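Trainee: this one's structure only:
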């Protein structure tokens, strides 16, 4: 867990967007994003790209938590509720995996525990070990 | 077009991520993202969230180019090729629309013209006019 | 529940494909498909279209179980395991809904309880009552 | 082309659903489905599963047209317009491929040439030759 956290600190895009890894292991992960004005779009709500980035980060932590490199092949994301301030929370869960691909479900919730977005990710599992 | 460009300058998340709107009108749009080290993930390639954000920005410009507010309902994105430096280009095309939803296809290419990601977005069309 | 079951008996495509509704109510539903040789593709495994149809049927039963007409806007389906014989089981769960759209997760399992496919559906909620 | 057509005649599910392969080669394919009452759902419109099956069949013909086995990993489908009678036409186009995956866009149109559904498929490319 410590090694995984250390590795994900190297994710400059996540760091710049105030995203922090809370837990990762056994195909699951949890992360959070503290909202700032720079997360907003022209309509004054949190940008879909920021929400996607948080979910994608939790997805990456979950699928890489097995210690080998996994890369995203395809993602489907559905937006349920607009967010503006506070913190967003991402929970990633491994739905299934075989030797070549893994499937993950990530839920993004706000401080009220209400669903902001639902993310379904498919990862290609390489044989390379993670560099840590 | 000038009004739309002006409106999208209010997108703080896009600005922070070096994304610029080049064209927008009639359901189509074109945008670019100049790559910097802060766009990279822990593996040293451009973060999926950054690629998504560029595509989502072009998608928003395209579906809002009719002058009424549209919000993303669902997106499916497929990643084809890793990117590291240079510029990424997004082209958004309106595939179909009716009174309630619109469907858009966005292609993300690198400086070689090779496909980095393919994005399919579905937007809900509100009746509200855009604030410009 | 009886009325919903009666209504879904009018689904000729489901009937022809040996799909049966087991339960429906409160945004959830359960259905099964008894496999026959006519469900197979050229590789001798159950056709993706047959698996999709089972999931889509459970999705429709779940989102229409509130008594008003809902129609599918978008679906993302991920295939995990090939199936050949026996029975496939679909469980549909309502993830969230608001006045205009509802989001549903459907899992398709085989007789061993192993995941064959995962289906994420987005429905547009009309105001019309179902004709029953 | 003749060999591919012959192979796809072994698709019992497609045959049962009045689906016919018109062309296949170089990663592209074209197919049609003649509509009958047995394609309808409880609302009297063509079942989403029937539309998906037609698109999936064209997708399979396109990605297998290279002569090696490809299997669907993930599909995203968006429904634009309800259909009831006549013929539906599917055009599959290869968007990109590398050694492990291929991405395909399939459009489903009615006799008026209007878009009924848009299908985006991701296939895993095995090394096995097709059995023909």
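Mentor: Here it is on my side, so go on. What you see is a predicted model; the values in this text were computed from it and never measured.
Trainee: what number of residues lie near the spatially closest residue to residue A:48 that is not a sequence neighbour?
Mentor: Using Cβ to Cβ, 6 or more residues apart in numbering or on different chains and skipping residues adjacent in sequence, the residue nearest residue A:48 is residue B:56, 4.7 Å away. From N, CA and C alone the C-beta is placed, and that goes for glycine too. Residue B:56 has 31 neighbours, counted by other Cβ atoms under 10 Å in any protein chain shown.
Trainee: quick one, what contacts residue B:56?
Mentor: Shown in contact with residue B:56 (Cβ atoms under 8 Å, 6 or more residues apart in numbering or on different chains): A:47, A:48, A:49, A:52, B:72, B:75, B:119, B:121.
Trainee: same check, this time on residue A:73
Mentor: Contacts of residue A:73 by Cβ under 8 Å, 6+ apart are A:101, A:122, A:123, A:124, B:78, B:79, D:73, D:74, D:101, D:122.
Trainee: what's the average pLDDT for the host helix or strand of the last one?
Mentor: Using DSSP states H and E, residue D:122 sits in strand D:115-129. Along strand D:115-129, the predicted confidence averages to a pLDDT of 92.
Trainee: any residue of it touching chain C?
Mentor: No: with Cβ under 8 Å from any Cβ of the partner chain as the criterion, chain C is not reached by strand D:115-129; the gap is at least 9.1 Å.
Trainee: name whatever forms a beta bridge with the closest residue to chain D within chain A.
Mentor: Shortest chain A-to-chain D distance, computed as Cβ to the nearest Cβ: residue-wise this is residue A:74, at 4.7 Å. Counting by DSSP bridges, residue A:74 is bridged to residue A:122, residue B:78.
Trainee: surely it meets residue B:52?
Mentor: No: using Cβ atoms under 8 Å, residue A:74 is not in contact with residue B:52, being 12.0 Å away.
Trainee: follow-up on the earlier one: what angle separates the strand holding residue D:122 from strand A:115-129?
Mentor: 20 degrees (axes from the mean of the first three to the mean of the last three Cα atoms, to 10 degrees).
Trainee: who in chain A is up against chain C?
Mentor: Residues of chain A lying close to chain C (Cβ under 8 Å from any Cβ) are A:76, A:78, A:80-81, A:95-96, A:98, A:103, A:105, A:115, A:118, A:120, A:122.
Trainee: from the residues you listed, which would you call buried?
Mentor: Buried residues within the residues of chain A next to chain C, counting neighbours by 16 or more other Cβ atoms under 10 Å in any protein chain shown: A:76, A:78, A:80, A:95, A:96, A:103, A:105, A:115, A:118, A:120, A:122.
Trainee: need the max-distance pair from the residues you listed.
Mentor: Farthest pair in these (Cβ to Cβ) is A:80 and A:96. Separation: 23.8 Å.
Trainee: about what we covered before: okay, now the residue of chain A closest to chain D: neighbour count?
Mentor: Quick note: residue A:74 (other Cβ under 10 Å) scores 28 neighbours.
Trainee: now do residue A:25
Mentor: 12.
Trainee: which residues touch it?
Mentor: Per Cβ under 8 Å, 6+ apart, neighbours of residue A:25: A:1, A:4, A:65.
Trainee: pull up the residues of chain A that are close to chain D.
Mentor: Counting by Cβ under 8 Å from any Cβ, chain A sits next to chain D at A:73, A:74, A:76, A:100, A:101, A:122, A:124.
Trainee: what about the strands in chain A?
Mentor: Assigned by DSSP state E, the strands in chain A fall at A:19-25, A:28-34, A:68-79, A:87-97, A:101-109, A:115-129.
Trainee: so what's residue A:24 up against?
Mentor: Residue A:24 neighbours (Cβ under 8 Å, 6+ apart): A:1, A:4, A:5, A:8, A:30, A:61, A:62, A:64, A:65.
Trainee: which strand residues bridge it?
Mentor: Assigned bridge partners for residue A:24, using DSSP bridges, are residue A:29.
Trainee: tell me the pLDDT at it?
Mentor: 95.
Trainee: next: the one 10 residues further on.
Mentor: Listed pLDDT for residue A:34 reads 98.
Trainee: I figured it was touching residue A:87, is that so?
Mentor: Yes: the pair residue A:34 and residue A:87 passes the contact test of Cβ under 8 Å, sitting 5.4 Å apart.
Trainee: related to what we said a few turns ago, for the residue of chain A closest to chain D, give its distance to residue B:48.
Mentor: Distance, residue A:74 to residue B:48, using Cβ to Cβ, to the nearest Å: 11 Å.
Trainee: and for the two, which residues touch both?
Mentor: Common neighbours of residue A:74 and residue B:48, using Cβ under 8 Å, 6+ apart, are B:77, B:79.
Trainee: which residues do residue A:74 and residue B:52 both contact?
Mentor: residue B:77.
Trainee: could you report the neighbour count for the closest residue in space to residue A:16 that isn't next to it in sequence?
Mentor: With sequence-adjacent residues excluded and distances taken as Cβ to Cβ, 6+ apart, residue A:16 is closest to residue B:38, at 4.9 Å. Taking other Cβ under 10 Å as the criterion, the count of residues near residue B:38 is 15.
Trainee: confidence score at residue B:38?
Mentor: For residue B:38, pLDDT reads 96.
Trainee: ok, the one 10 residues further on next?
Mentor: The predicted local confidence for residue B:48 comes out at a pLDDT of 96.
Trainee: find the centremost residue of chain A, please.
Mentor: By Cα atoms, centre = their mean, chain A has its centre lying nearest to residue A:58, at 2.4 Å.
Trainee: OK, contacts around it?
Mentor: Contacts of residue A:58 (Cβ under 8 Å, 6+ apart): A:21, A:29, A:30, A:31, A:90, A:91, A:92, A:106.
Trainee: could I get the residues you listed as JSON lines with pLDDT and neighbour count?
Mentor: Below are the contacts of residue A:58 laid out as JSON lines (pLDDT from 0 to 100; neighbours: other Cβ atoms under 10 Å in any protein chain shown):
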{"residue": "A:21", "pLDDT": "96", "neighbour count": "23"}
{"residue": "A:29", "pLDDT": "97", "neighbour count": "28"}
{"residue": "A:30", "pLDDT": "98", "neighbour count": "18"}
{"residue": "A:31", "pLDDT": "98", "neighbour count": "28"}
{"residue": "A:90", "pLDDT": "98", "neighbour count": "29"}
{"residue": "A:91", "pLDDT": "97", "neighbour count": "18"}
{"residue": "A:92", "pLDDT": "97", "neighbour count": "27"}
{"residue": "A:106", "pLDDT": "96", "neighbour count": "26"}
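Trainee: now the angle from the lengthiest helix in chain A to strand B:19-25?
Mentor: Across chain A, the longest stretch assigned as helix under DSSP state H is helix A:48-64. On the basis of the same axes, to 10 degrees, helix A:48-64 is oriented at 120 degrees to strand B:19-25.
Trainee: between helix A:48-64 and strand B:68-79, how many degrees?
Mentor: Using the same axes, to 10 degrees: helix A:48-64 against strand B:68-79 is 20 degrees.
Trainee: list the buried residues of helix A:48-64.
Mentor: If you call a residue buried by 16+ other Cβ under 10 Å, then helix A:48-64 has these buried ones: A:48-64.
Trainee: show me what contacts the residue nearest to residue A:14 when sequence neighbours are not counted?
Mentor: With sequence-adjacent residues excluded and distances taken as Cβ to Cβ, 6+ apart, residue A:14 is closest to residue A:57, at 4.9 Å. By Cβ under 8 Å, 6+ apart, residue A:57 lies in contact with A:8, A:11, A:14, A:19, A:21, A:31, A:90, B:49.
Trainee: of the residues you listed, closest to residue C:128?
Mentor: Comparing the contacts of residue A:57 against residue C:128 with Cβ to Cβ places residue A:90 closest, at 36.5 Å.
Trainee: pretty sure that closest one is touching residue A:32, no?
Mentor: Yes: Residue A:90 lies in contact with residue A:32 (Cβ under 8 Å); the separation is 7.1 Å.
Trainee: between the two, which contacts overlap?
Mentor: Shared contacts of residue A:90 and residue A:32, defined by Cβ under 8 Å, 6+ apart, are found at residue A:54.
Trainee: with that, I have no additional questions.
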